[in-house]
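Asker: I need the structure of the sequence given here:
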Amino acid sequence: MMRRLLLSTCVLAMLGAMPACKESDPNMFETHVAKLEDKDSRAEGFAGLERLVKAVVTSGQDRGTEFAEKVLPTFDAIWETAPEFRLKMLEQARDMKRLEAVPLWEKAIVLDGTSEAYKAALLALQGIRDAKATALVGPIIAQLEALMADPNKDKGERVGQIRLEYAKTLGVLGDKKATPVLIKALEQPPEQQPVAVHKEATKALGALGDPTAVDALLQVQFRVPDAASTQNIGERVKQALVAIGKPAVEPVLKALRGEHEVVNKLAAKNNVEVAVVQQAAAGILGAMGHAEATEALVAYMPKADCVAEPKSKKKKKKKKKKKKQAEEDSEVDAQAAQLRAFVARALGNIGDERAVEALCGCRYATRNPVDMWEITAALGRIGGDAAFQCLSDIIANGEYDPEQLPNSDFRYQIRWEGARHLILAAGAEQAAAARKVIEGQTDAKVKQEITQWEPGLKVLEECKADKACYSKVVADTTAKWFAREKAAVELGRLAKGDLAIAAQVARAFKVRDAGARVTIAWLTGRIADGQSCPECIEALEGVMAGEKGTANATMQLAWLTARETISKMQ
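Answerer: The predicted structure follows:
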């Protein structure tokens, strides 16, 4: 009995000394990788990896190197023999954002006409963008070339989607080696390539900032018809040329002067008048904001009917005209007013005081709200003594033509709207003069409406030339929106080149007034003064992203201005 007990004790002791059976750790990559080599356990292995990768990404664990060393080589090894798991591999490679996935992505971006390859390419391109895998610029260029030669392979859920994604990825990777193939994409006939691809290639060329693309960009908006919208090809071209900057000025001026033969031929082919080409060029030059364009824009602005005083005060009698002649003259006046409005807005965006004389000389050209308001706004944006004096006269004497208005209540609207721009134009030394002009109004309607600008004038009087004071007002989300707009304008004068102030102004883009938003978006770029400002971009994009799908039509110009400013600061 004793002997049996001793044996049992020995056996138990031996068992206790043996290593215990341990289960594989599900938090280790190698646990799941081991199952990938056997076809029978492969599905289980991928399911485990999927859970682990998701946990790693969600928790922000720094295990990218481990994934690259332990998982990606196995993915590469089984790629050919495990086609049913390729999408799983690409999803995980995308989520982990490791450059070691380049061999995998290079295989996946090649289409073979199947839906599986189409889905794989989309996942691979997303991963390439997220990881900034610049080593794949060459292979992507080759694939885009191949698809343009044979578009039939690019017919997935959306025709042209892969070409669009190739172009988008080349823009993100930022290598100018992609410029020729992207230009080639712009030159594709619309019947062979969806307009969405032209638009994405346009955006990509803006991201590359290569001056050799300027002419192709100017041409595509007249080669490829596109419906009017805030994201149409014309707007994309404008933003791309803004991003390219100064090297684009002279070619755009050539289009403004009506001398760009290729652009004119393309426009004529699509029944677009040269005047429309010139208006588009004026808008681009304004968005670019380079003073080199001022002289040409002033020369282009219609000035034949500009007068030195309001037409309503002229005593000269007009001869009666036949009805047909009167209608023709009216049409000419309307066209001149519209063109003058385009140019005035561009000159205001450039902000060059050399334009003030011409703008002021045309303030009473038609008394049409179309151009008179734009001239007034441009003078307010440019500022300076001459602009201030001209605006003072508009407030004292300006009026709209009653025939151009819905009713007589708006006859003097330019006076109270002009007061806003007078205050925006005024410097600290002009605060007293601005108040005198405003308080000198006698019309009851004007006196009533003009009070809404008091917060801006008060800020000017209190802050004077104190940058810190204006900075505090801009940052105050409880302040009146016009007070914040005026404070931002003064910071534009006092803080040029200060990126911290530029970002602070950008954060004020959420003000409720659409016009103030335009001013703030424009000023952000002016203050940044040609420098890259990621914080500014984040602030502007954050507001637009938060309001996507809910913003009303009045915000369109503000959003367009913000996108143009973003193009300058990338």
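
Asker: hmm, who's touching the helix or strand hosting Pro180?
Answerer: Using DSSP states H and E, Pro180 sits within helix 179-186. Contacts made with helix 179-186 from outside it, assessed by Cβ atoms under 8 Å, 6 or more residues apart in numbering, are listed as 141, 144-145, 148, 163, 167, 170-171, 193, 197-198, 201-202, 204-205, 208, 210, 212-213, 216-217, 219-220, 223. Any C-beta I mention is one placed from the backbone N, CA and C, and that applies to glycine too.

Asker: quick one: average pLDDT of it?
Answerer: Averaged across helix 179-186, the pLDDT comes to 99.

Asker: Mind exporting the C-alpha coordinates of whichever helix or strand comes after that helix to PDB?
Answerer: For helix 179-186, the succeeding helix or strand toward the C-terminus, using DSSP H and E, is helix 195-208. Provided in PDB are the C-alpha atoms of helix 195-208 (Å, rounded to 0.1, in the frame of the first residue of the first chain):
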ATOM      1  CA  VAL A 195     -16.100  64.000 -67.300                       C
ATOM      2  CA  ALA A 196     -15.400  62.900 -63.700                       C
ATOM      3  CA  VAL A 197     -12.000  61.700 -64.800                       C
ATOM      4  CA  HIS A 198     -11.200  65.000 -66.500                       C
ATOM      5  CA  LYS A 199     -12.100  66.700 -63.200                       C
ATOM      6  CA  GLU A 200     -10.000  64.500 -61.100                       C
ATOM      7  CA  ALA A 201      -7.000  64.800 -63.400                       C
ATOM      8  CA  THR A 202      -7.500  68.600 -63.200                       C
ATOM      9  CA  LYS A 203      -7.400  68.500 -59.400                       C
ATOM     10  CA  ALA A 204      -4.400  66.200 -59.500                       C
ATOM     11  CA  LEU A 205      -2.500  68.700 -61.700                       C
ATOM     12  CA  GLY A 206      -3.300  71.500 -59.300                       C
ATOM     13  CA  ALA A 207      -1.800  69.300 -56.500                       C
ATOM     14  CA  LEU A 208       1.400  68.800 -58.500                       C
END
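
Asker: Stretch 59-78: which residues count as buried?
Answerer: Buried residues in stretch 59-78, counting neighbours by 16 or more other Cβ atoms under 10 Å, are found at Arg63, Gly64, Phe67, Ala68, Val71, Leu72, Thr74, Phe75, Asp76, Ile78.

Asker: The second one against Ala93, yeah?
Answerer: Right, the one you point to is Gly64. No - using Cβ atoms under 8 Å, Gly64 makes no contact with Ala93, being 11.1 Å away.

Asker: Please enumerate the shared neighbours of those two.
Answerer: Counting by Cβ under 8 Å, 6+ apart, nothing touches both Gly64 and Ala93.

Asker: how far away is Arg563 from Phe222?
Answerer: Arg563 sits 21 Å away from Phe222, going by Cβ to Cβ, to the nearest Å.

Asker: Those two: which has the busier surroundings?
Answerer: Phe222 (25 against 21; other Cβ atoms under 10 Å).

Asker: Correct me if wrong: that one contacts Asn271.
Answerer: No - taking contacts as Cβ under 8 Å, Phe222 lies outside contact range of Asn271: 10.6 Å.

Asker: about what we covered before: tell me how far the helix holding Pro180 lies from the chain's centre.
Answerer: Relative to the centre of its chain, helix 179-186 is centred 21 Å away, using Cα atoms, centre = their mean, to the nearest Å.

Asker: do the same with stretch 136-148
Answerer: 26 Å.

Asker: quick one: least confident helix or strand in this protein?
Answerer: Lowest on mean pLDDT, DSSP states H and E among the helices and strands of the chain sits helix 2-17, with a mean of 44.

Asker: Just the residues contacting stretch 299-308, thanks.
Answerer: 256-257, 278, 282, 314, 333, 336, 339-340, 343-344, 347, 358, 361-362, 364-366.

Asker: Mind listing what's buried along that stretch?
Answerer: For stretch 299-308, the neighbour count (16+ other Cβ under 10 Å) marks Tyr300, Met301, Pro302, Cys306 as buried.

Asker: What are the buried residues along stretch 220-228?
Answerer: Quick answer for stretch 220-228 (16+ other Cβ under 10 Å): Val220, Gln221, Phe222, Arg223, Val224, Asp226.

Asker: what do you get for stretch 536-551?
Answerer: Buried residues in stretch 536-551, counting neighbours by 16+ other Cβ under 10 Å, are found at Cys536, Ile537, Ala539, Leu540, Val543, Met544.

Asker: so the last one sits in a helix?
Answerer: Yes - under DSSP: H, G, I helix; E, B strand; the rest coil, Met544 sits within a helix.

Asker: For it, which residues are in contact?
Answerer: By Cβ under 8 Å, 6+ apart, Met544 lies in contact with Ala551, Trp559, Ala562.

Asker: Out of the residues you listed, which one has the lowest pLDDT?
Answerer: Comparing the contacts of Met544 by pLDDT, Ala551 comes last, at 79.

Asker: pLDDT weak spots in the stretch 401-550 of the chain?
Answerer: Along the stretch 401-550 of the chain, the model assigns pLDDT under 70 to no residue.

Asker: ok, which stretches of it are strands?
Answerer: Read by DSSP state E, counting those that start in this stretch, the stretch 401-550 of the chain holds no strands at all.

Asker: any idea which helix or strand carries the residue sitting nearest the centre point of the chain?
Answerer: The residue lying closest to the centre of the chain (Cα atoms, centre = their mean) is Arg563, at 2.1 Å. Assigned by DSSP H and E, Arg563 belongs to helix 556-569.

Asker: Start and end of stretch 245-265, how far apart?
Answerer: Taking Cα to Cα, to the nearest Å, the first and last residues of stretch 245-265 lie 25 Å apart.

Asker: List of residues touching that stretch?
Answerer: Residues from elsewhere that reach stretch 245-265, judged by Cβ under 8 Å, 6+ apart: 209, 211, 214-215, 217-219, 222, 241, 274, 277-278, 280-282, 284-285, 288, 290, 292-293, 296-297, 300, 530, 568.

Asker: again, but for stretch 397-415
Answerer: By Cβ under 8 Å, 6+ apart, stretch 397-415 touches 309-313, 363-364, 366-370, 372-373, 376, 394-396, 418, 441, 443, 445-446, 449-450.

Asker: likewise stretch 207-223?
Answerer: Identification of contacts with stretch 207-223 by Cβ under 8 Å, 6+ apart yields 170-172, 174-176, 178-179, 182-183, 186-187, 190, 198, 202, 205, 233-234, 237, 240-241, 243-245, 247-248, 251-252, 255, 260, 262-263, 266-267, 270, 272, 277, 280, 570.
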